[in-house]
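Trainee: Got a sequence here, can you build the structure:
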Amino acid sequence: MSPEARPLSRRSLLRAGTAAALGLTAAGCGFSSEPDPAGKEAGDKPIDVKVDGDLVYFNWADFVDPAVFEGFSKEYGVKVVQSNFDSMEGMAAKLNAGNRYDIIFPTAKWAQRLGAGGKLRTIDHARLKNAEAVFGSYAYFADPWYDKGSAHTVPFTMYKTGIGWRKDRLGDLTGSWDDLWNAKAKGKVFVLDDRDEVLGMGALKHGLDLTTEDPDDLRTITESLRTLRPRLRGFSSDSYNNLLNGNADMTQAWSGDMAAMLAQAKDPSVFGFEVAREGAPVNSDCYAIPANAQHPGTAMLFIDYMLRPENVKKNIEYIGYPMPVHGSEDTYTALVEPFPQCQVTAGDLKDDLFFRNGTAKGERARDAAWTDVKAG
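Mentor: Sure thing, here's the model as predicted:
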């Protein structure tokens, strides 16, 4: 991967919008609170795994190696028509507006929302030649909390949240979320522009539930984060470039973005990545096929193509995120040798530090807390 290949990180634009800003509610999950009968009928219908048209693809920008797209197009004689989102809320808004895509990539909690709303097709793993490399080796994904029996999803990537920093400026850190309050870094600290990540960091720092809705807990979190606010340079999910260009000495960061940064850094040894001992949020993105997909057969072929070992390895090296496919582990280990804490293990998944969907009242409370934190 050349330095010019990927000038921005996976989430450079990212997640600034909240559910409140887009008028989405937790009770309806951004969708109808009752499953859509038409969606359920379409969703339960078996998909014939065959070319049934070009692939209409909807994902974060620059999250599949172009060479993989080219190989898929050539092998199956189809075009890949790409669209991108910059937040899960933005993805949901497009789906709500009736836009039709063949393959989408929700995070775990959004996969749960979509499935509950009847917005996803059932994926028969037995029809995917390469599915055993996932489900036969990563037992967690055989029946994850967000999608019973992985009936509507196949896992795409895994990642966790920690702290990236400049060793040449700050030296070693202590391995705690408290490091974000490091006096040496004052004025050159960023946290992610992401409600759940920032509130979750505050919760873990105080030994609270990652996605707590309790008013007293949220008060503790906001009061703590208010002491961090004057030390911040800002809220930004472009942790990748903020460290590289010197805007940040320290930043809350996604593990995959830190791994991708290694290919851009002239001297990787000046950077570090740590996972806080109080706990690290872990997440996964999924392949999913919307209920209104026009070309679900082509989407199934694409998922199977992406699960081929040679394509998994190629994509891991391109995006910097591990993919839960047996046989790809050494590829990621080699990639993140300078940042071993970027590894996501089966144990990390079982720690249950995923962001969960809350009640409508709880989501409003979390939105209010996030607004308070950003306002300072």
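
Trainee: counting contacts, what elements does the longest helix seen in the chain pack onto?
Mentor: Ranked by number of residues, the top helix in the chain under DSSP state H is helix 360-375. Using 3 or more C-beta pairs under 8 Å, 6 or more residues apart in numbering; DSSP states H and E, the elements in contact with helix 360-375 are helix 195-205, helix 215-228. C-beta here means a position set from N, CA and C on the backbone, and glycine is covered the same way.

Trainee: which stretches of the stretch 151-300 of the chain form helices?
Mentor: 167-170, 195-205, 215-228, 239-244, 255-261, 296-306 (DSSP state H, counting those that start in this stretch).

Trainee: still on that earlier bit, tell me which of the helices and strands packed on helix 360-375 sits nearest to residue 341.
Mentor: Distance to residue 341, taken as C-beta to C-beta, is lowest for helix 195-205 among the helices and strands packed on helix 360-375, at 15.5 Å.

Trainee: and that closest one, how far from the chain's centre?
Mentor: 16 Å (C-alpha atoms, centre = their mean, to the nearest Å).

Trainee: Convert the C-alpha atoms of that helix to PDB, please.
Mentor: C-alpha atoms of helix 195-205 as PDB (Å, rounded to 0.1, in the frame of the first residue of the first chain):
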ATOM      1  CA  ARG A 195     -21.200  10.100  21.400                       C
ATOM      2  CA  ASP A 196     -21.000   6.500  22.500                       C
ATOM      3  CA  GLU A 197     -17.200   6.400  22.300                       C
ATOM      4  CA  VAL A 198     -16.700   9.500  24.500                       C
ATOM      5  CA  LEU A 199     -19.500   8.700  27.000                       C
ATOM      6  CA  GLY A 200     -18.300   5.100  27.000                       C
ATOM      7  CA  MET A 201     -14.700   6.200  27.800                       C
ATOM      8  CA  GLY A 202     -16.000   8.300  30.700                       C
ATOM      9  CA  ALA A 203     -18.100   5.400  32.000                       C
ATOM     10  CA  LEU A 204     -15.200   2.900  31.900                       C
ATOM     11  CA  LYS A 205     -13.000   5.400  33.600                       C
END
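
Trainee: Would you mark the buried spots in that helix?
Mentor: Using 16 or more other C-beta atoms under 10 Å as the test for burial, helix 195-205 gives 195, 196, 197, 198, 199, 200, 201, 202, 203, 204, 205.

Trainee: tell me the angle it makes with helix 360-375.
Mentor: 90 degrees (axes from the mean of the first three to the mean of the last three C-alpha atoms, to 10 degrees).

Trainee: List of residues touching helix 195-205?
Mentor: Applying C-beta atoms under 8 Å, 6 or more residues apart in numbering, the contact partners of helix 195-205 are 15, 18, 161, 176-178, 180, 191-192, 209-212, 217-218, 220-222, 224-225, 235, 252, 276, 278-281, 353, 355, 366-367, 369-370, 373.

Trainee: which of those are buried?
Mentor: 15, 18, 161, 177, 180, 191-192, 210-212, 217-218, 220-222, 224-225, 235, 252, 276, 279-281, 353, 355, 366-367, 369-370, 373.

Trainee: Next, format the helices of the stretch 151-300 of the chain as CSV and append distance to residue 156 and mean pLDDT.
Mentor: Shown next, in CSV, are the helices of the stretch 151-300 of the chain (distance: least, C-beta to C-beta, whole Å; pLDDT from 0 to 100):
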stretch, distance to residue 156, mean pLDDT
helix 167-170, 31, 96
helix 195-205, 19, 97
helix 215-228, 30, 97
helix 239-244, 19, 87
helix 255-261, 11, 91
helix 296-306, 8, 98
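
Trainee: for the ones you listed, which one sits closest to residue 186?
Mentor: helix 215-228 (10.1 Å).

Trainee: Quick one: list the elements packing against the closest one.
Mentor: helix 195-205, helix 360-375.

Trainee: hmm, try it at 10 Å
Mentor: On a contact count with 3 or more C-beta pairs under 10 Å, 6 or more residues apart in numbering; DSSP states H and E, helix 215-228 meets strand 189-191, helix 195-205, helix 360-375.

Trainee: Nearest to residue 135 among the ones you listed would be which one?
Mentor: So among the helices and strands packed on helix 215-228, helix 195-205 is nearest, using C-beta to C-beta, at 27.2 Å.

Trainee: Work out the gap between stretch 190-202 and the centre of the chain.
Mentor: With C-alpha atoms, centre = their mean, you get 14 Å for stretch 190-202.

Trainee: Could you report the distance from residue 336 to residue 317?
Mentor: Distance, residue 336 to residue 317, by C-beta to C-beta, to the nearest Å: 11 Å.

Trainee: Pick out whichever of these two has more residues nearby.
Mentor: Comparing residue 336 with residue 317 by other C-beta atoms under 10 Å, the one with more neighbours is residue 336, at 21 against 17.

Trainee: Now do the residue nearest to that one when sequence neighbours are not counted against residue 248, distance only.
Mentor: In space, and not counting its chain neighbours, residue 336 is closest to residue 342: 4.1 Å by C-beta to C-beta, 6 or more residues apart in numbering. Distance check for residue 342 against residue 248: by C-beta to C-beta, it reads 18 Å.

Trainee: Neighbour count: those two, which is higher?
Mentor: residue 342 (29 against 25).
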